[in-house]
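Engineer: Here is the input, now give the coordinates:
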Amino acid sequence: MRPTRFFLNFCLVFTAVWITLIIGLPAEAQDKENCLMCHKYRYLGRIDENGKQFNYNVDEHFFAGSVHRNIACRECHASIKKIPHDPVTEDVNCANACHLKPPHSQEKFSHTKIIDIYSQSAHAVRPEDPPEVKAAKPNCKFCHLNPLYTRVEEKLIDYEKTLQRCLNCHEQKGVTVAYMHVTHRLRKKTSRSPQQIVQLCSKCHDDREMMKKINVSEEALLAVETYNRSIHGKSIALGSEMTADCISCHASNALHDIYKKDNVKATIHKDNLMTTCRQCHEQTNSWFIKIAVHPRIEREKNPIVYFASIFFRLALYGSLFSMVGLMAVETYGRRKDGVKFLLRRGTAWRGNPKNR
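Structural biologist: Numbers count the residues shown, from 1 in each chain. Model prediction:
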């Protein structure tokens, strides 16, 4: 019996040690040149001559769980020619070709296709833009913060929509290869939730001072406020995952093709509104698309919405206060008749009315 007991104890100890080592091992990522030897320190950074602070720390665990974990540092930081490197003077160019090759293509992966779409959008910097406009427009890294993978249930995945996003960059060659690549995207979802998208867009569009500097219209200046007031905005605030967020209406599956509404390619152009609304509302018609998605309740701008909002507020508060008043009158009448209201062992009226 002793050898058997010794063997069992050995197996238990070995298993415990093995699990401890596996859990305790740091995550691995592409750091063949040992860049994290310096950049892993939390307070690594500098302050420039204008007093602006720069943080050069890279959390190795976050990096190992990110979408770029298989990319070597100098694949993006191409201006660095030696290590230790000199002060970096060039920003990362997201259009650089990576050394990775997708499984269904012989070309190196690149974000060039998306960059081309973005370069034509309303967010892209134009040579003629004044300095304050250039500073206000978002670049790639403003929106894309190297998010961690988040696993989701398959029932929550929109297969067709996900496939369309994949085809923005990749060619569809071979059912098996495409399936393997698409399911990789499905199992590890990196898209933001509708609430996060609204929060991200609001960082700029809810900044009135910034929007005034780039001379946006009065309608665009109030876009966040009017959206939050709409049925879409209220549903998002209540946690809905199915309601239209900002890019649901303002972009196609390419996501980066956001244009001003007078651009014929814009999803919110008058000629494209029917198609855009039908993504969610199948019974869309010419009358439906006239409904204000960003409603304004000023009497001069939209008298119908203004008086309708007054009517519904009166109906809501009138019903509420009428019910409270009725309860107060009923309570007064019962107390006057000698019936007592007790909170012990639940709520109940006790006693017999005097008038019975």
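Engineer: When you work out contacts or count neighbours from here on, use the C-alpha atoms and nothing else.
Structural biologist: OK.
Engineer: in the sheet, who's paired with residue 45?
Structural biologist: On the basis of DSSP bridges, residue 45 is bridged to residue 55.
Engineer: burial measure for it, as a count.
Structural biologist: For residue 45, the count of nearby residues is 13 (other Cα atoms under 10 Å).
Engineer: Go through the helix or strand harbouring residue 38 and flag the buried ones.
Structural biologist: In this structure, residue 38 sits in helix 36-39 according to DSSP states H and E. Residues of helix 36-39 classed as buried: residue 39 (neighbour count, 16 or more other Cα atoms under 10 Å).
Engineer: now stretch 64-78
Structural biologist: 64, 65, 66, 68, 69, 70, 72, 73, 74, 75, 76, 77.
Engineer: What is the end-to-end distance of it?
Structural biologist: 20 Å (Cα to Cα, to the nearest Å).
Engineer: for it, the distance to its chain's centre please.
Structural biologist: 22 Å (Cα atoms, centre = their mean, to the nearest Å).
Engineer: just for the stretch 251-356 of the chain, where's the confidence low?
Structural biologist: 340-356 (pLDDT under 70).
Engineer: Okay, helices next: where are they in it?
Structural biologist: 273-277, 303-336 (DSSP state H, counting those that start in this stretch).
Engineer: before we move on, what about the stretch 51-200 of the chain?
Structural biologist: So, for the stretch 51-200 of the chain - with DSSP H, counting those that start in this stretch - the helices run 60-64, 73-76, 112-119, 131-136, 140-143, 159-166, 175-187, 194-205.
Engineer: where among the ones you listed is the average confidence lowest?
Structural biologist: For the helices of the stretch 51-200 of the chain, the weakest mean pLDDT is recorded on helix 175-187, namely a mean of 61.
Engineer: Map the structural domains onto the sequence of the chain.
Structural biologist: 18-92, 303-350 (automatic domain parsing).
Engineer: Need the pLDDT of residue 223.
Structural biologist: So residue 223 comes in at 90 (pLDDT).
Engineer: need the contact list for it.
Structural biologist: The contact partners of residue 223, taken as Cα atoms under 8 Å, 6 or more residues apart in numbering, are 205, 206, 294.
Engineer: Which stretch among the domains of the chain approaches residue 267 most closely?
Structural biologist: domain 303-350 (24.8 Å; Cα to Cα).
Engineer: neighbours of residue 333, just the number please.
Structural biologist: 13.
Engineer: same thing with residue 224?
Structural biologist: Residue 224: 23 surrounding residues under other Cα under 10 Å.
Engineer: Which strand or helix spans it?
Structural biologist: Here residue 224, judged by DSSP H and E, is contained in helix 223-229.
Engineer: So which elements touch the helix or strand just after that helix?
Structural biologist: Using DSSP H and E, the helix or strand that directly follows helix 223-229 along the chain is helix 231-237. Based on contacts counted as 3 or more Cα pairs under 8 Å, 6 or more residues apart in numbering; DSSP states H and E, the elements that helix 231-237 packs against are helix 194-205, helix 223-229.
Engineer: sorry, back to before: go through the helices of the stretch 251-356 of the chain and pick out the most buried.
Structural biologist: Looking across those with neighbours counted as mean count of other Cα atoms under 10 Å, the highest average goes to helix 273-277: a mean of 19.
Engineer: picking that back up, kindly present the helices of the stretch 51-200 of the chain as TSV, with separate columns for distance to residue 222.
Structural biologist: Listed next are the helices of the stretch 51-200 of the chain as TSV, based on distance: least, Cα to Cα, whole Å:
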stretch	distance to residue 222
helix 60-64	37
helix 73-76	38
helix 112-119	24
helix 131-136	17
helix 140-143	21
helix 159-166	30
helix 175-187	36
helix 194-205	8
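Engineer: what's the closest of the ones you listed to residue 253?
Structural biologist: helix 159-166 (5.7 Å).
Engineer: before we move on, back to that, what would the domains of the chain look like in TSV with distance to residue 123?
Structural biologist: Conversion of these to TSV gives the following (distance: least, Cα to Cα, whole Å):
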stretch	distance to residue 123
domain 18-92	18
domain 303-350	32
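Engineer: out of those domains, which comes closest to residue 214?
Structural biologist: Among the domains of the chain, domain 18-92 comes nearest to residue 214, with 23.5 Å by Cα to Cα.
Engineer: if we can go back for a sec, compare the domains of the chain and give me the one nearest residue 287.
Structural biologist: Between the domains of the chain, domain 303-350 lies closest to residue 287; by Cα to Cα that is 15.3 Å.
Engineer: Quick one: distance of that closest one to the chain centre.
Structural biologist: 41 Å.
Engineer: Kindly provide the distance from the nearest residue to residue 226 once chain neighbours are set aside to residue 249.
Structural biologist: Leaving out its chain neighbours, the residue that sits closest to residue 226 by Cα to Cα, 6 or more residues apart in numbering is residue 294, at 4.8 Å. Noted for residue 294: a distance of 12 Å to residue 249, by Cα to Cα.
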